[in-house]
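1. Below are the sequence and a predicted model for it; my questions follow.
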Amino acid sequence: LQEVDALEAQLNGSAADTLITHRYQWINQAISTAVHHEAMHRKSISDYLDAVLLNRFLAFPAFLGVMYLMFMVTINFGGAFIDFFDIAAGAIFVEIPRLLLTALHCPEWLTALIADGAGGGIQLVASFVPVIGTLFLFQTFLEDSGYMARAAFILDRLMRSVGLPGKSFVPLVVGFGCNVPSVMASRTLDTQQDRLLTTLMAPFMSCGARLTVYTLFAAAFFTQNGQNVVFALYIIGIVLAVVTGLLVRRKMLSRDIAPFVMELPNYHIPTLRGLLIHSWHRLRGFMLRAGKAIVAVVIILNFVNSIGTDGSFNNQNTERSLLSSIGKSITPIFEPLGVKEENWPATVGIFSGIFAKEVVVGTLDALYTDMARTGDNTPDETAPTIGGMLGDAFASIPANLAEVNHMWGDPLGLSVGDLEDQQAAAQAQEVELTTIGLMQQLFATPIAAFSYILFVLLYMPCVATLGAIYKEAGGTWAFFSATWNTLLAYAVAVMTYQLGTFAEHPQQSMIWTGAMVAILLTGYLLLMGYGKRQARRQNLIPAVNLHG
């Protein structure tokens, strides 16, 4: 090894890269000597395109432009149809079964189980169809056109520093819009190791759903520097994704990365039929396998959220639900990160975020508003009709498409608007103004609020993402991802709050910080050992490296 290091120092580069360079130089020289070419002065279209797309200085900016376009089309154009699928699926799979079961005088628990549980799970899966379908369509186009191979070549050297191939960059970028298509996009990678590593890193990317939580808290606590706080959360997620990737690669998987050699195909225009067929097969795979796991978990969570402590049903997002009762009982666990006992709705928000991270905002708004009413009996809103819901679903398409033109300048959706006007901010987030007031009262300090949204950023992925991980990597790695992310989220959030309030209680902060470091190290060793055993069983570590 010392001789190899000395040789690489003398060559001013890695031995593998030098070997590849000299090998191709010899091949080109041999070909030029042995093969006689007729004089040809015409270049193909692929040659002209590669002169730009593989240019030393233009390749990376061109790649970023293509990724920008893919991200914008996937999230904004595909996202314009989310409301249609969400509202229509809610009418068909939730409201219609509810009406039928009510007409048949079925017990409330059965209605909650079938309509809210199974129907709500199908509705959640359906809401991801336009985004995932658009992503698969765009990715298939890039692959069939020949550009994806060139993108992998461009980014290979950068991604190798994390132990990943260049292809991994695309799924991780997509994660800024939604973690579900990010995980699903990892299937384009060549090896099982690369797919697993990318899948475990993807949930750390701040998706658009988390942004709704960031914006609400920025409006309440960070009116002067909300953009900076949101940007910091994005950076923290990226850093911890890289750290996770390095740890997993070092402790669980083979550290050897094969030299990147691939043939670059000529460019061509894919056929519409081929694009639709390939995209449909990928989308159907997500719907059938990942959807099963999503629906099962949503049934359980919806049932716990619906049933009250008195045995009644239809108590979703109220103080009377069993989920709220559980939240109250375990709120002391979150006290070290700034969530006080009287702020139990914040704990329930964390649990409801397992459905989908954007549900955190709706849960907090419902519970804080319910607290603010203090016994005021406000009449319930008229239940929407099936026809009205379907009409709203179709009306949402042109309305959302009209807004797409305003989104091209903000690809990550980082704009949080005017935070100093809390009334406008509350309307933008579709919450009551009293919600922001109670948040300021119950969280008490900005550092407590920041620690909370830091936990929301890092803790276990939502049901849909876990379902995608289960489909792509199996139940073992879905469990690993949920456990590692939650452990890391708790430790980081607690240390952030304790260090931020160190002046108020230095001894307590030192104890909690030390305890979190110890817990994080212990959990890291246990999880990495568990993961390594699973990796060996699944042949993710070559036999030659088992005892190395």
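-> Nice, I can see it.
2. May I see the buried residues of the helix or strand residue 47 falls within?
-> Here residue 47, judged by DSSP states H and E, is contained in helix 45-53. In terms of neighbour count (16 or more other CB atoms under 10 Å), helix 45-53 has its buried residues at 49-50, 53. All C-beta atoms are positioned from the backbone trio N, CA, C, and that covers glycine.
3. Pick the one among these closest to residue 26.
-> Residue 26 lies nearest to residue 50 out of the buried residues of helix 45-53, by CB to CB, at 22.9 Å.
4. Show me the helices in the stretch 1-150 of the chain, by range?
-> 2-11, 15-34, 45-53, 59-72, 82-89, 96-103, 108-111, 120-127, 129-145, 147-160 (DSSP state H, counting those that start in this stretch).
5. Who are the packing partners of the last one?
-> Judged by 3 or more CB pairs under 8 Å, 6 or more residues apart in numbering; DSSP states H and E, the packing partners of helix 147-160 are helix 45-53, helix 59-72, helix 129-145, helix 169-174.
6. Check which helix or strand residue 232 maps to.
-> With DSSP H and E as criterion, residue 232 is part of helix 226-251.
7. okay, the angle between that helix and helix 147-160?
-> Orientation check (axes from the mean of the first three to the mean of the last three CA atoms, to 10 degrees): helix 226-251 against helix 147-160 gives 80 degrees.
8. Give me the distance from the helix or strand immediately after helix 226-251 in the chain to the chain's centre.
-> Counting by DSSP H and E, the element after helix 226-251 in chain order, helix or strand, is helix 272-285. Chain-centre distance of helix 272-285: 23 Å, with CA atoms, centre = their mean, to the nearest Å.
9. downstream neighbour of helix 272-285 in the secondary structure list?
-> Sequence-wise, the next helix or strand downstream of helix 272-285 (DSSP H and E) is helix 291-306.
10. For that following helix, list the C-alpha coordinates in PDB.
-> Extracted C-alpha coordinates of helix 291-306, given in PDB (Å, rounded to 0.1, in the frame of the first residue of the first chain):
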ATOM      1  CA  GLY A 291     -49.100   1.600  -2.200                       C
ATOM      2  CA  LYS A 292     -49.800  -1.500  -0.100                       C
ATOM      3  CA  ALA A 293     -47.400  -0.400   2.700                       C
ATOM      4  CA  ILE A 294     -48.700   3.200   2.600                       C
ATOM      5  CA  VAL A 295     -52.400   2.200   2.900                       C
ATOM      6  CA  ALA A 296     -51.700  -0.300   5.700                       C
ATOM      7  CA  VAL A 297     -49.900   2.400   7.800                       C
ATOM      8  CA  VAL A 298     -52.500   5.100   7.000                       C
ATOM      9  CA  ILE A 299     -55.300   2.800   8.200                       C
ATOM     10  CA  ILE A 300     -53.600   2.300  11.600                       C
ATOM     11  CA  LEU A 301     -52.800   6.000  12.100                       C
ATOM     12  CA  ASN A 302     -56.200   7.200  10.900                       C
ATOM     13  CA  PHE A 303     -57.900   4.800  13.200                       C
ATOM     14  CA  VAL A 304     -55.900   6.000  16.200                       C
ATOM     15  CA  ASN A 305     -56.500   9.600  15.200                       C
ATOM     16  CA  SER A 306     -60.300   9.000  14.800                       C
END
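11. Point out the other helices and strands that it packs with.
-> Other elements packing on helix 291-306 under the criterion 3+ CB pairs under 8 Å, 6+ apart are helix 120-127, helix 322-334, helix 344-352, helix 463-473.
12. residues making contact with it?
-> Under the criterion CB atoms under 8 Å, 6 or more residues apart in numbering, residues 109, 112-113, 116-118, 120-122, 124-125, 313-317, 321-323, 326, 351-352, 354-355, 463-464, 466-467, 470-471, 478 lie in contact with helix 291-306.
13. Where does the closest residue to residue 462 other than its chain neighbours fall, secondary structure wise?
-> Spatial nearest neighbour of residue 462, excluding adjacent residues (CB to CB, 6 or more residues apart in numbering): residue 356 at 4.9 Å. For residue 356, there is no enclosing helix or strand under DSSP H and E.
14. I'd say residue 356 and residue 464 touch.
-> Yes: counting by CB atoms under 8 Å, residue 356 does reach residue 464; the two are 6.6 Å apart.
15. Comparing the two, which shows the higher neighbour count?
-> Per other CB atoms under 10 Å, whichever of residue 356 and residue 464 has more neighbours is residue 464, with 29 against 22.
16. Can you give me the distance of that one to residue 233?
-> 21 Å (CB to CB, to the nearest Å).
17. List the contacts of the host helix or strand of residue 184.
-> Assigned by DSSP H and E, residue 184 belongs to helix 179-185. Helix 179-185 is contacted from outside by 74, 128, 131-132, 135-136, 139, 170-172, 174-175, 199, 202-203, 205, 207, 282, 286, 290, 461-462, 464-465, 467-469, 471-472, using CB under 8 Å, 6+ apart.
18. returning to what we had before: need the winner for burial among the helices and strands packed on helix 147-160.
-> Most buried of these, by mean neighbour count (mean count of other CB atoms under 10 Å): helix 169-174, with a mean of 24.
19. Quick check: mean pLDDT of that one?
-> For helix 169-174, the mean pLDDT works out to 80.
20. picking up where we left off before, name the residues contacting each of residue 356 and residue 464.
-> Listed as contacting both residue 356 and residue 464 by CB under 8 Å, 6+ apart are residue 124.
21. which secondary structure element contains the residue nearest to residue 361 when sequence neighbours are not counted?
-> Nearest non-adjacent residue to residue 361, counting by CB to CB, 6+ apart: residue 212, 5.0 Å away. If you go by DSSP H and E, residue 212 is part of helix 208-221.
22. same for that helix, what does it pack against?
-> In this structure, helix 208-221 packs against helix 226-251, helix 359-373, helix 422-428, helix 433-443, helix 446-458, with contacts taken as 3+ CB pairs under 8 Å, 6+ apart.
23. just flag whichever of those has the lowest average confidence.
-> Among these, helix 422-428 has the lowest mean pLDDT, at a mean of 57.
24. Now residue 476. Nearest residue, chain neighbours left out?
-> Using CB to CB, 6+ apart and skipping residues adjacent in sequence, the residue nearest residue 476 is residue 534, 4.9 Å away.
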